[in-house]
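A.B. asks: no FASTA, just this:
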């Protein structure tokens with residue numbers, strides 16, 4: 001395992017990581033900080049989420065011009081706060097990532113989806129138009145069923161709110177179709193990106209009469 005992909009953070013882990021980081025090429029350090037943070041986020045361990053937050057904050061503070069990593073770091077901070085149930089803070093960082101990607105459109109993350117989910121979940125109606133716009137900009141190019149399921153569900157909910165019943169039904173059907181797909185369509189990774197766990201709160205809003 002690479003030194004920047006640790007799934008634990010003992011004192012030895014920490015010392016080893018920062019020793020290696022110090023010796024690494026300066027141009028790569030921001031990305032090493034970001035990758036290590038993502039590895040810790042994936043554990044869902046509350047203490048490791050705090051470590052990941054500190055690594056990402058360090059990255060953004062020490063390497064503010066590393067544009068390649070910034071949007072991903074902001075998105076990952078949004079993920080951390082989402083997992084910690086700090087929803088307003090998560091929304092703020094997802095939005096920062098979305099805004100950054102407007103300036104650098106070749107650096108795409110899933111921040112638009114995290115942001116959209118939370119706007120729906122917290123019922124921030126004044127942001128629904130913006131959510132609809134950022135989803136529709138990507139919708140036709142979405143490949144994986146799980147992403148299509150979530151975005152179509154969100155669009156259906158928004159169109160319900162706008163009393164556009166035909167469009168609400170259209171996207172509800174798209175969401176359901178993708179939720180039930182058994183393969184991704186990829187030849188060698190058939191299970192990648194399929195819906196393994198549906199979001200009950202999202203389904204409930206889509207099916208609300």
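C.D. replies: On my side now, so go ahead. Everything quoted here is computed from the prediction, not taken from an experiment.
A.B. asks: What score does the spatially most central residue of the chain have for pLDDT?
C.D. replies: Geometric centre of the chain, nearest residue: residue 110, 4.0 Å, by CA atoms, centre = their mean. Residue 110 carries a pLDDT value of 95.
A.B. asks: same check, this time on residue 208
C.D. replies: On the pLDDT scale, residue 208 is placed at 65.
A.B. asks: I'd like the next helix or strand past the strand or helix carrying residue 98.
C.D. replies: Assigned by DSSP states H and E, residue 98 belongs to helix 87-103. Counting by DSSP H and E, the next helix or strand C-terminal to helix 87-103 is helix 111-121.
A.B. asks: just so I have it, where are all the helices in the chain?
C.D. replies: Under the criterion DSSP state H, the chain contains helices at 11-23, 26-41, 46-62, 67-83, 87-103, 111-121, 128-139, 145-161, 165-179, 200-207.
A.B. asks: Rebuild those helices as CSV, extending it with mean neighbour count and distance to residue 5.
C.D. replies: The way it works is simple: take the backbone N, C-alpha and C, and place the C-beta from them, glycine included. Shown next, in CSV, are the helices of the chain (neighbours: other CB atoms under 10 Å; distance: least, CB to CB, whole Å):
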stretch, mean neighbour count, distance to residue 5
helix 11-23, 12, 10
helix 26-41, 20, 5
helix 46-62, 17, 13
helix 67-83, 22, 14
helix 87-103, 18, 22
helix 111-121, 23, 22
helix 128-139, 16, 29
helix 145-161, 23, 24
helix 165-179, 17, 31
helix 200-207, 14, 31
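A.B. asks: between those helices, which one is nearest to residue 1?
C.D. replies: helix 26-41 (9.4 Å; CB to CB).
A.B. asks: So which elements touch the closest one?
C.D. replies: Counting contacts by 3 or more CB pairs under 8 Å, 6 or more residues apart in numbering; DSSP states H and E, helix 26-41 is packed against helix 11-23, helix 46-62, helix 67-83.
A.B. asks: Other residues contacting it?
C.D. replies: With contact meaning CB atoms under 8 Å, 6 or more residues apart in numbering, helix 26-41 is reached by 4-7, 9, 17, 20-21, 24, 48-49, 51-53, 55-56, 58-59, 62-63, 66, 68-69, 72-73, 76, 79-80, 83.
A.B. asks: Most distant residue from the centre of this structure?
C.D. replies: Most distant residue from the mean C-alpha position of the chain: residue 23, 30.7 Å away (CA atoms, centre = their mean).
A.B. asks: quick one: low-confidence ranges for this structure?
C.D. replies: 208-209 (pLDDT under 70).
A.B. asks: repeat that with 90
C.D. replies: Counting by pLDDT under 90, the chain has low-confidence residues at 1, 105-107, 184-190, 207-209.
A.B. asks: care to break it down by domain?
C.D. replies: The record's domain split for the chain, according to automatic domain parsing, is 1-94, 110-209.
A.B. asks: Kindly reformat the ones you listed as TSV containing distance to residue 100.
C.D. replies: Below are those laid out as TSV (distance: least, CB to CB, whole Å):
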stretch	distance to residue 100
domain 1-94	5
domain 110-209	8
